[in-house]
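**Q** just coords:
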C-alpha cells in the first residue's frame, strides 16, 4: 500500500468481556493512514506478527519420531547392549522439510529442526534430553542394557524448533518449540539359556 500524506496511526486491540473485564493484553494488529472523512473510512493494513507465525508453527503437522533398534526384529536379550536410532515416517513434516502457510495473504515457509530427543526405554530408565539421534552397532551413542525379561514400550520424544521465511525472504529463527512424542515400539527382552544335548561321537 502506498501511504498518503496523513499521519500514520498504529491500530491496537484487546479483548474485553462482560462487565468490562479485560481478557487479553493490547496487541498490535495493523496501521492506518487517516483519510479525511469525506473520502471514506481509514485504510487499514494488517501486520504479520511473529506471534501469528509462532501460532502457525505450533499447528504444523510435525512428523512423529519412530524408534529403530538393534538387534533387529524388535527382540533383544537380557544383559545384551541394545542400540537405538530415530527414524522419520513419510507422514508429517520432518526436520529440514518445509511447510508453507498463507497468513494475511503472505507466503510463510516454516522449516522445522530438532533441538533435542528424550528416550524412554520402557523399564523405567531413559536418556535425554540429548541432540543424539542414535545410530547402529557398534558406534551408536544411544544404547541400553536390560536387566530382566519382558515386553517393554520404547518411546522417543522430539523437541521441534525451526526457522521461517516470509515471501521468500531470509530465514529467521521462529523462537518457539513444540514437543512431539512418537508412538511406542514394543521390544521383547528375552533371557538367553544354555543347554547340553547328548550326541553320538563318530
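**A** Looks like it came in fine. Since this is a predicted model, take the numbers as computed values, not measurements.
**Q** Find the nearest non-adjacent residue to residue 93, please.
**A** Leaving aside its sequence neighbours, residue 93 sits nearest to residue 99 (CB to CB, 6 or more residues apart in numbering; 4.8 Å). (Each C-beta comes from the backbone N, C-alpha and C, glycine too.)
**Q** Which residue ranges of this protein form strands?
**A** Assigned strands in the chain, in chain order: 8-13, 27-33, 43-46, 66-70, 75-77, 81-87, 99-103, 106-120, 126-130, 143-145, 150-166, 172-173, 178-181, 185-190 (criterion: DSSP state E).
**Q** do you know how far the residue nearest to residue 93 is from residue 110?
**A** Spatial separation of residue 99 from residue 110 under the definition CB to CB, to the nearest Å is 5 Å.
**Q** Need the overlap of contacts for those two.
**A** 60, 93 (CB atoms under 8 Å, 6 or more residues apart in numbering).
**Q** Look at residue 1 and report its pLDDT.
**A** According to the per-residue confidence, residue 1 scores 44 in pLDDT.
**Q** Please apply the same query to the one 10 residues further on.
**A** Turning to residue 11, the model gives it a pLDDT of 69.
**Q** swap in residue 193?
**A** On pLDDT, residue 193 comes in at 68.
**Q** what do you get for residue 47?
**A** Looking at residue 47, its pLDDT stands at 87.
**Q** Tell me, how many residues neighbour the spatially closest residue to it that is not a sequence neighbour?
**A** Excluding the flanking residues, the one nearest residue 47 by CB to CB, 6+ apart is residue 30, at 5.5 Å. Taking other CB atoms under 10 Å as the criterion, the count of residues near residue 30 is 16.
**Q** unless I'm mixing things up, residue 30 is touching residue 104, no?
**A** No. With contacts counted by CB atoms under 8 Å, residue 30 stays clear of residue 104, the gap being 9.6 Å.
**Q** give the contact list for residue 57.
**A** For residue 57, the residues meeting the contact criterion (CB under 8 Å, 6+ apart) are 110, 112, 162, 164, 174, 176, 178.
**Q** does the third one really touch residue 109, like I thought?
**A** This points to residue 162. No. Judged on CB under 8 Å, residue 162 makes no contact with residue 109 at a distance of 10.1 Å.
**Q** who's more crowded, these two?
**A** Neighbour tally, residue 162 and residue 109, criterion other CB under 10 Å: the higher count belongs to residue 162, 25 against 16.
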